[in-house]
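Colleague: coordinates only, no sequence provided:
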């Protein structure tokens, strides 16, 4: 199955982290932020003009640069309940 980059994922959707690419340094960094394979996250916003991507992980909001967010591949699970 093909996953999509976090930068291309729709906002306000439940996403599951499937692949975290990069070297060991990046993997440790993502792990310290709570971003790991199997984790459920939500993309809150994607700022225009190459700005950061804002996600929610375990109730915390994290802002990631686009180059960093592109290292994370996700699977869209469902629309949030309103």
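Modeller: It's in. Remember, predicted model here, so these are calculated numbers, not experimental data. Numbering: from 1, shown residues only.
Colleague: quick one: contacts for the nearest residue to residue 42 once chain neighbours are set aside?
Modeller: Excluding the flanking residues, the one nearest residue 42 by Cβ to Cβ, 6 or more residues apart in numbering is residue 56, at 4.5 Å. Bear in mind the C-beta positions are built from the backbone N, C-alpha and C, glycine included. In this structure, residue 56 makes contact with 41, 42, 44, 62, judged by Cβ atoms under 8 Å, 6 or more residues apart in numbering.
Colleague: from those, which two are the most distant?
Modeller: Across the contacts of residue 56, no pair lies farther apart than 42 and 62, at 10.9 Å, counting by Cβ to Cβ.
Colleague: which neighbours do the two share?
Modeller: With Cβ under 8 Å, 6+ apart, residue 42 and residue 62 have common neighbours 55, 56.
Colleague: list the buried residues of the host helix or strand of the residue nearest to residue 42.
Modeller: Remark: residue 56 resides in strand 53-57, with elements defined by DSSP states H and E. Within strand 53-57, the residues that count as buried by 16 or more other Cβ atoms under 10 Å are 53, 54, 55, 57.
Colleague: where are the low-confidence patches of the protein?
Modeller: Scanning the chain for pLDDT under 70 picks out 1, 78-82.
Colleague: not counting whichever helix in it runs longest itself, show me its contacts.
Modeller: Ranked by number of residues, the top helix in the chain under DSSP state H is helix 24-32. With Cβ under 8 Å, 6+ apart as the test, helix 24-32 has contacts from 20, 22, 36, 68, 71, 72.
Colleague: could you check the angle that helix makes with strand 53-57?
Modeller: 60 degrees (axes from the mean of the first three to the mean of the last three Cα atoms, to 10 degrees).
Colleague: how many neighbours does the closest residue to residue 20 other than its chain neighbours have?
Modeller: In space, and not counting its chain neighbours, residue 20 is closest to residue 30: 5.2 Å by Cβ to Cβ, 6+ apart. By the criterion of other Cβ atoms under 10 Å, residue 30 has 22 neighbours.
Colleague: before we move on, what about residue 73?
Modeller: 19.
Colleague: that one pairs with what?
Modeller: Beta-bridge partners recorded for residue 73 (DSSP bridges): residue 5, residue 19.
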